[in-house]
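[1] Quick one: sequence plus predicted model below, questions after.
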Amino acid sequence: MKLAKTTLGLAVFSALSFSAMAEELPSVDIYGRADMSIQSSDEGEGSFSEIKSNASRIGLKGDYKINDSLTVVYKAEFEVDLDGDSDDVWKARNQYVGLKGDFGEVLLGKNDTMLKQSQGKTDLFSDHNADIKYLWVGENRLSDTLTYKSPKFNGFQLGATYVAEDEVDGKDALSVAAFYGDKKLKKSKIFASVAMDSEVKGKSKDGAASGYFDTVRATVQGKLAGFTVGLMVQNQENIDTGAEMDGVMVSAKYSIGAATLKGQYQLADHKDGDDRSGITAGVDYKLAKSTKLYAFYTSFDLDTDNDEDYLAAGIQYNF
């Protein structure tokens, strides 16, 4: 009987000790996305086929509650080259550590700027060939950043990104934004934002713009008669050359059962150069909450450069 009581006591003590230790451990979530497509690409010199990894990624994120008013948060996310045709199998994405509480959230590390975050979900072809970064600057994920986001007040939120100089001859920069609503349009019927970059280094993927830019962007997206429609306007100016661009992007999608039809048009009007545009049509088909099949066709009219066309079909799995 004494042996039985001793054994039971040890079991209870061990269980309580493990429970106490578990409460002290930080939470860790492993997440990611596998996005692969097979596509025909024509970049002006003839078409070719390719298997493409579209910003596939894996990451760790979590938090640790210090007390009722202060929590440590962290993330370490990496892009993974699933198609195997790059020397860089792993590429850093957002990676930071910080604190959050009633004051908001403060993060240190590598992170999307406020202007990049201000797009919400308006770019329907993000991470694919029609991503708005192809024609515009501003889609920056930068190292050496200090990020602050305020608490939400009646749906409104403010945010700022400070980019440190990092070297004697470097330039510090600032990106700020004001947000309204829920970018996923689940808690609100509309999402809107206004953002500004000051002396932020960047470039457009088409090669038409590169350097340090002052940029202003306004975004709105909402639901209307069964459609989800979005509008984005942007002005960017190269602070060294004075080269300026005005841009507009419109997007729309409509769901029919498991299928979602999508369309997007983007324009980049360079004041002392080309008028460049891109138009994309596509469809998503949801197999499960985590998995979808998709197809799209993108055509870029690049004025003085060769036009580009992409036809793709792929699968995306989120975990």
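    In hand now; what should we look at? Residues are numbered from 1 along each chain as shown.

[2] Centroid-nearest residue for the protein?
    For the chain, Gln117 is the residue whose C-alpha lies nearest the centre (Cα atoms, centre = their mean; 6.6 Å).

[3] Phe191 is in contact with that one, correct?
    No: counting by Cβ atoms under 8 Å, Gln117 stays clear of Phe191, with 11.7 Å between them. From N, CA and C alone the C-beta is placed, and that goes for glycine too.

[4] Between those two, which contacts overlap?
    Common neighbours of Gln117 and Phe191 are not found (criterion: Cβ atoms under 8 Å, 6 or more residues apart in numbering).

[5] about what we covered before: would you mind giving both backbone torsions of the residue nearest to the centre of the chain?
    Main-chain torsions, Gln117, degrees, to the nearest 10: phi -70, psi -20.

[6] can you tell me how far it sits from Thr147?
    Using Cβ to Cβ, to the nearest Å, one obtains 9 Å as the distance from Gln117 to Thr147.

[7] Now the common contact residues for these two.
    Residues touching both Gln117 and Thr147 (Cβ under 8 Å, 6+ apart): Gly159.

[8] Apart from its chain neighbours, what residue comes closest to Asp81?
    Nearest residue to Asp81, sequence neighbours excluded (Cβ to Cβ, 6 or more residues apart in numbering): Val89, at 5.0 Å.

[9] neighbours around that neighbour, how many?
    Counted with other Cβ atoms under 10 Å, residues neighbouring Val89 total 11.

[10] can you check Asp68 too?
    Using other Cβ under 10 Å, Asp68 is surrounded by 8 other residues.

[11] Quick check on it: phi, psi?
    Main-chain dihedrals, Asp68, degrees, to the nearest 10: phi -70, psi -20.

[12] For the remainder of this discussion, apply numbering that starts at 471.
    All right, first residue 471 from here; so that's Asp538.

[13] Quick check: the gap between it and Tyr544.
    In this structure, Asp538 and Tyr544 are 20 Å apart, going by Cβ to Cβ.

[14] how about the residue nearest to the centre of the chain, what does it touch?
    Counted by Cβ under 8 Å, 6+ apart, Gln587 has contacts Gly629, Ala647, Ala665.

[15] Do you know the pLDDT at it?
    You'll see Gln587 listed with a pLDDT of 98.

[16] what's the answer for the one 5 residues further on, then?
    In this model, Thr592 is scored at 98, pLDDT.

[17] Provide a list of residues in contact with it.
    Residues in contact with Thr592 (Cβ under 8 Å, 6+ apart) are Phe661, Thr689, Val690, Gln691, Gly700, Leu701, Met702, Met719, Ser721.

[18] so is it in a helix, a strand, or just coil?
    Secondary structure assignment for Thr592 (DSSP: H, G, I helix; E, B strand; the rest coil): coil.

[19] who's the nearest residue to it once chain neighbours are set aside bridged to?
    Nearest residue to Thr592 in three dimensions, chain neighbours excluded: Gly700, at 3.7 Å (Cβ to Cβ, 6+ apart). Note on Gly700: beta-bridge partners Gln691, Ser721, judged by DSSP bridges.

[20] Report how many residues lie close to Gly700.
    Using other Cβ under 10 Å, Gly700 has 21 other residues around it.

[21] Mind pulling up the pLDDT for it?
    Here the pLDDT value assigned to Gly700 is 98.

[22] ok, back up a step: quick check, nearest of the contacts of Thr592 to Gln734?
    Using Cβ to Cβ, Ser721 is the member of the contacts of Thr592 that lies nearest Gln734, at 4.3 Å.

[23] what sits against the closest one?
    By Cβ under 8 Å, 6+ apart, Ser721 lies in contact with Thr592, Asp593, Leu594, Gln691, Val699, Gly700, Lys732, Gly733, Gln734, Tyr735.

[24] Can you tell me how far it is from Tyr780?
    Distance of Ser721 to Tyr780, given as Cβ to Cβ: 17 Å.

[25] What of Ser674?
    Applying Cβ to Cβ, the value for Ser674 to Tyr780 is 17 Å.

[26] With Arg746 instead?
    When Cβ to Cβ is the yardstick, Arg746 and Tyr780 sit 15 Å from each other.

[27] What of Tyr544?
    With distances taken as Cβ to Cβ, Tyr544 is found 36 Å from Tyr780.

[28] Of the two, which one has the most company?
    Between Tyr544 and Tyr780, Tyr780 has the larger neighbour count (other Cβ under 10 Å), namely 23 against 17.

[29] and the more buried one, that's in a strand?
    Yes: with three-state DSSP as the criterion, Tyr780 is part of a strand.

[30] wait, it sits on Ser511?
    Yes: using Cβ under 8 Å, Tyr780 makes contact with Ser511 at a distance of 5.2 Å.

[31] where do the contact lists of those two overlap?
    Common contact partners of Tyr780 and Ser511 (Cβ under 8 Å, 6+ apart): Asn599.

[32] so Ser663 bridges to which residues?
    Applying DSSP bridges to Ser663 gives these bridge partners: Phe649, Thr689.
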